[in-house]
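Colleague: my questions concern the predicted model and sequence given below.
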Amino acid sequence: MTPTKTIMIQGTTSNAGKSFLTAALCRIFKQDGYRAAPFKSQNMALNSYITKSGLEMGRAQVMQAEAAGIEPRVEMNPILLKPTSHTGSQVIVNGEVLGNMSAADYYAYKPQLIPHIEKAFQKLSRDFDIIVIEGAGSPAEINLKDNDIVNMGMAKLANAPVLLAGDIDRGGVFASLYGTVKLLEKDEQQRIKGLIINKFRGDVEILRPGLDMIEEKTGIPVVGVVPMTPLDLDDEDSLSERLNRRGDEGAVDIAVIHLPHISNFTDFNVFEGMKGVSLRYVKQARDLGKPDLIFLPGTKNTMSDLCWLRESGLEAAILRQAEIRTPVVGICGGYQMLGEELEDPDGVEQGGSMRGMGLLNTRTIFELAKTRTQISGGVIWDKDVPDSTTGKEVRGYEIHMGRTVNLGRCRETIRLEDGRIDGLCNETQTVFGTYLHGIFDFGDLAALVAVRLMRKKGLDPGSWHFDPEAHKQQEYDKLADLVRNSLDMDKIYEILEAGIRC
């Protein structure tokens, strides 16, 4: 059997484009006939996903697996950190919750995770020709280098050559590339086989003197300059530029409430690819306006974010819109907020009980056990609305700690394949809640929602159609074309073949 080849993408900073570059290489290698898989030993993100086996992993590696044309596996992201505060996170190992740790406790515990990382990497290596490894943050965080398991520590563990990416859009890219290289140990510097300038705007020829100089000063070749190009693909967590968008003028205006602990905002990305639909994220009551649809997204801390919703005035603004029958849709934590009451007897979040928004006649009880499942079901309501979705298949995944009970005045909307009722709506069918993340990514449900909103505004959608899966595959191909045309792929394959001489 031919040994698995590895290559690693590291960055001078967070948000340097490591996730997209990793996805691009996975797609390129797939197009070139290889079985490629992504790997990130440790990911910190509130955007997570549940595999078919019921295990939790970061969404970025799911996106990269999709680009590679393979099923996401938890081995692609053995350690997931979900921040619970500025100084602590829920630690998930091999898809299972280990517990909550402070930053200091986790730093001390990290060496015990190395065997889990090695085992996950070895499992992937047995099944794939090429592993594309993604780092995190910067390898030059000199205060964290002793226990590093995600940058040069991971590169050494996998004996992987490294491509170092810098974000020129931030400015200072040559200083950041040079400084990163020079802060590393000599053996680590020798592991870096190529530099990448990412997110470039302008004429590459004007950049050429800088490229020559950085090569001379570091002794490392620049293997490509990747232009800044908009693509409709999942981003990494809170650094995502999506969250700062204010929306474009569109036929349909969708507002997503930007909660402080927002999670899985990728649930709404599908709407951004739709012509005639504008999706924006709202942090302040004065910016809500009069949207055609309001989404309350998932959150890592429902009760805390509900308090923020009240203090910010956004709860009152949402309630005013609900009174005039603007549709309000809550997913996971947002669904929990919509009810009459939230109870936390075991202190899963902050303990005690709290009044909900009162838009659904439900009660949520938080529980210590986390529900993690990938599941499908069918729509069982909506008989009075044109273009009914009754009987429409839905798919998604659940990640929540708690259950929501119908107190009697809610209509059932989704029956899951295991017999449970998931979705509930109010009597006027204007407020809806579900625990299913990714519910709009499958089939034409998102398109049906958009069409209904268009018709409600008196617009004629005609033969308007949107296929989310086809759109996603098209975007992956655009990403691969962009990076293939920007990098010296002959040099990349040369690096891949040579590996690191032990």
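Modeller: Received, thanks.
Colleague: residues of stretch 451-470 that come out buried?
Modeller: Within stretch 451-470, the residues that qualify as buried are 451-454, 461, 466, 468, counting by 16 or more other C-beta atoms under 10 Å. C-beta coordinates here come from the backbone N, C-alpha and C atoms, glycine included.
Colleague: min pLDDT across these, which one?
Modeller: Here the lowest pLDDT out of the buried residues of stretch 451-470 sits on residue 461, with 82.
Colleague: re earlier: from the buried residues of stretch 451-470, which land in helices?
Modeller: Among the buried residues of stretch 451-470, the members found in helices (DSSP state H) are 451-454, 468.
Colleague: could you single out the nearest of these to residue 39?
Modeller: residue 468 (26.3 Å; C-beta to C-beta).
Colleague: how close does the closest one get to residue 314?
Modeller: For residue 468, the distance to residue 314 under the criterion C-beta to C-beta, to the nearest Å works out to 28 Å.
Colleague: how far off centre is stretch 433-441?
Modeller: Taking the mean of its C-alpha atoms, stretch 433-441 sits 14 Å from the chain's own mean (C-alpha atoms, centre = their mean, to the nearest Å).
Colleague: now it - C-alpha only, PDB.
Modeller: Coordinates of each C-alpha in stretch 433-441 appear next as PDB, following Å, rounded to 0.1, in the frame of the first residue of the first chain:
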ATOM      1  CA  GLY A 433     -39.600  26.400  16.300                       C
ATOM      2  CA  THR A 434     -37.400  23.400  15.700                       C
ATOM      3  CA  TYR A 435     -34.300  21.700  17.100                       C
ATOM      4  CA  LEU A 436     -33.100  20.700  13.700                       C
ATOM      5  CA  HIS A 437     -29.900  22.400  12.500                       C
ATOM      6  CA  GLY A 438     -29.300  22.200   8.800                       C
ATOM      7  CA  ILE A 439     -33.000  21.900   8.000                       C
ATOM      8  CA  PHE A 440     -32.800  24.300   5.100                       C
ATOM      9  CA  ASP A 441     -29.800  22.600   3.600                       C
END
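Colleague: rebuild the buried residues of stretch 451-470 as JSON lines, extending it with distance to residue 34.
Modeller: Output for the buried residues of stretch 451-470, formatted as JSON lines (distance: C-beta to C-beta, whole Å):
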{"residue": "451", "distance to residue 34": "40"}
{"residue": "452", "distance to residue 34": "43"}
{"residue": "453", "distance to residue 34": "43"}
{"residue": "454", "distance to residue 34": "43"}
{"residue": "461", "distance to residue 34": "42"}
{"residue": "466", "distance to residue 34": "31"}
{"residue": "468", "distance to residue 34": "27"}
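Colleague: which residues of the chain score low on pLDDT?
Modeller: In the predicted model of the chain, residues 1-2, 235-250, 381-389, 501-502 satisfy pLDDT under 70.
Colleague: how is it carved up into domains?
Modeller: 5-233+474-498, 252-458 (automatic domain parsing).
Colleague: endpoint to endpoint, the longest one covers what distance?
Modeller: When you say that, I think you mean domain 5-233+474-498. Distance between the boundary residues of domain 5-233+474-498 (C-alpha to C-alpha, to the nearest Å) amounts to 9 Å.
Colleague: next one: stretch 99-108
Modeller: Its first and final residues considered, stretch 99-108 spans 15 Å by C-alpha to C-alpha.
Colleague: what comes up buried for that stretch?
Modeller: Going by 16+ other C-beta under 10 Å, stretch 99-108 has these buried residues: 101, 106.
Colleague: contacts made by it with the rest, please.
Modeller: Counting by C-beta atoms under 8 Å, 6 or more residues apart in numbering, the neighbours of stretch 99-108 from elsewhere in the structure are 81, 84, 87-91, 109, 144, 147.
Colleague: just the buried ones from the residues you listed?
Modeller: In the contacts of stretch 99-108, burial by neighbour count holds for 81, 84, 88-91, 144, counting by 16+ other C-beta under 10 Å.
Colleague: can you redo those residues as JSON lines with secondary structure and distance to residue 432?
Modeller: Formatted as JSON lines, the buried ones among the contacts of stretch 99-108 follow (DSSP: H, G, I helix; E, B strand; the rest coil; distance: C-beta to C-beta, whole Å):
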{"residue": "81", "secondary structure": "strand", "distance to residue 432": "31"}
{"residue": "84", "secondary structure": "coil", "distance to residue 432": "28"}
{"residue": "88", "secondary structure": "strand", "distance to residue 432": "33"}
{"residue": "89", "secondary structure": "strand", "distance to residue 432": "31"}
{"residue": "90", "secondary structure": "strand", "distance to residue 432": "28"}
{"residue": "91", "secondary structure": "strand", "distance to residue 432": "33"}
{"residue": "144", "secondary structure": "coil", "distance to residue 432": "44"}
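Colleague: how about CSV for those residues, with distance to residue 310 added?
Modeller: Conversion of the buried ones among the contacts of stretch 99-108 to CSV gives the following (distance: C-beta to C-beta, whole Å):
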residue, distance to residue 310
81, 29
84, 21
88, 24
89, 26
90, 25
91, 31
144, 38
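Colleague: let me know the closest of those residues to residue 344.
Modeller: Distances from the buried ones among the contacts of stretch 99-108 to residue 344 were compared by C-beta to C-beta; the smallest belongs to residue 84, at 14.2 Å.
Colleague: what's the distance between the closest one and residue 411?
Modeller: In this view, residue 84 and residue 411 are 34 Å apart by C-beta to C-beta.
Colleague: likewise for residue 183?
Modeller: Distance from residue 183 to residue 411, counting by C-beta to C-beta: 60 Å.
Colleague: so residue 59 touches residue 47, yeah?
Modeller: Yes - between residue 59 and residue 47 there is a contact under C-beta atoms under 8 Å: 3.9 Å.
Colleague: what is the end-to-end distance of stretch 159-176?
Modeller: The distance separating the two terminal residues of stretch 159-176, taken as C-alpha to C-alpha, comes to 24 Å.
Colleague: what about the closest residue to residue 213 other than its chain neighbours, how many neighbours?
Modeller: If you skip the residues right next to it in sequence, residue 213 has residue 174 as its closest partner in space, 7.3 Å away by C-beta to C-beta, 6 or more residues apart in numbering. Around residue 174 there are 18 other residues, counting by other C-beta atoms under 10 Å.
Colleague: quick one, phi/psi of residue 174?
Modeller: As for residue 174, its main-chain torsions (degrees, to the nearest 10) stand at phi -70, psi -40.
Colleague: shift numbering so it begins at 117
Modeller: Sure, I'll start counting at 117 from here, so that last one is residue 290.
Colleague: list the contacts for it?
Modeller: With contact set as C-beta under 8 Å, 6+ apart, residue 290 has these partners: 282, 326, 329-330.
Colleague: could you tell me the end-to-end distance of stretch 197-211?
Modeller: With C-alpha to C-alpha as the measure, stretch 197-211 spans 11 Å from end to end.
Colleague: and if you look at stretch 599-606?
Modeller: End-to-end distance of stretch 599-606 (C-alpha to C-alpha): 13 Å.
Colleague: enumerate the positions of that stretch that are buried.
Modeller: In terms of neighbour count (16+ other C-beta under 10 Å), stretch 599-606 has its buried residues at 599-600, 602-603, 605.
Colleague: out of those residues, which is nearest to residue 311?
Modeller: Nearest to residue 311 among the buried residues of stretch 599-606, counting by C-beta to C-beta, is residue 603 at 11.0 Å.
Colleague: how far does the strand or helix carrying residue 220 sit from its chain's centre?
Modeller: When secondary structure is defined by DSSP states H and E, residue 220 falls within helix 219-225. Between the centre of helix 219-225 and the centre of its chain there are 25 Å (C-alpha atoms, centre = their mean).
Colleague: now residue 576: closest residue in space that isn't a chain neighbour?
Modeller: Take residue 576 and drop its neighbours on the chain: the residue closest to it by C-beta to C-beta, 6+ apart is residue 570, 7.6 Å away.
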